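Trainee: sequence and predicted model, in that order:
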Amino acid sequence: MVGPRPQWSEDTCAVCPAQLLGPGDFDVVARPGREFGYRPEVGWRIGPDGTAVCVHPYRVGLPPGRYASAGAPLPSPAEAVPLPSEEALRLPEALDDLEGWLVATLRMAGDDEIFSAVARAERTAATRFAPGAVVTALRRVLSRELARR
């Protein structure tokens, strides 16, 4: 086992298997879903077959693939980081998925659009989540996403 990539500690969710596992030691799927439930006793999401799962390919920098469960080959490090999918750009139902949605939303904004994208994301998120939760998520996401630009 190689271990996680150094950038994953900042780029991925706190409950992502990429925080502790290396490339190929977990699967990557296109979007959170009920079938990929978070398991507190393990510390990350688990697929139906028991495999650790990352649900944000654009955060981990790997396209969706069954790397651990089916031995799918990893992409070369030179491949571009996947862009957020249309699904990732839909406001999530669960608060646990808000940060991933914020990251997706901000990554799709151009440099000259970032401030309006933040304001729009805050307003949109506040239609479903408590204002304090939205601000907390925005603070965590903005510190990393603005530094990436």
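Mentor: That came through fine. Being a predicted model, the structure only gives us computed values, none of them experimental. Numbering: from 1, shown residues only.

Trainee: ok, the most centrally placed residue in the chain - contacts?
Mentor: The centroid of the chain falls nearest to His56 when counting by C-alpha atoms, centre = their mean (3.3 Å). His56 is in contact with Thr12, Cys13, Cys16, Pro32, Ala88, Gly100, Val103, Ala104, counting by C-beta atoms under 8 Å, 6 or more residues apart in numbering. In this view, the C-beta of every residue, glycine as well, is placed from N, C-alpha and C.

Trainee: mind checking which of the residues you listed are in helices?
Mentor: Gly100, Val103, Ala104 (DSSP state H).

Trainee: all strands for the protein, in order.
Mentor: Ranges of strands in the chain, per DSSP state E, are 27-28, 38-39, 44-46, 52-54.

Trainee: lowest average confidence across those strands, which one?
Mentor: In terms of average pLDDT, strand 38-39 trails the rest of the strands of the chain, at a mean of 90.

Trainee: what separates it from the chain centre, distance-wise?
Mentor: 15 Å (C-alpha atoms, centre = their mean, to the nearest Å).
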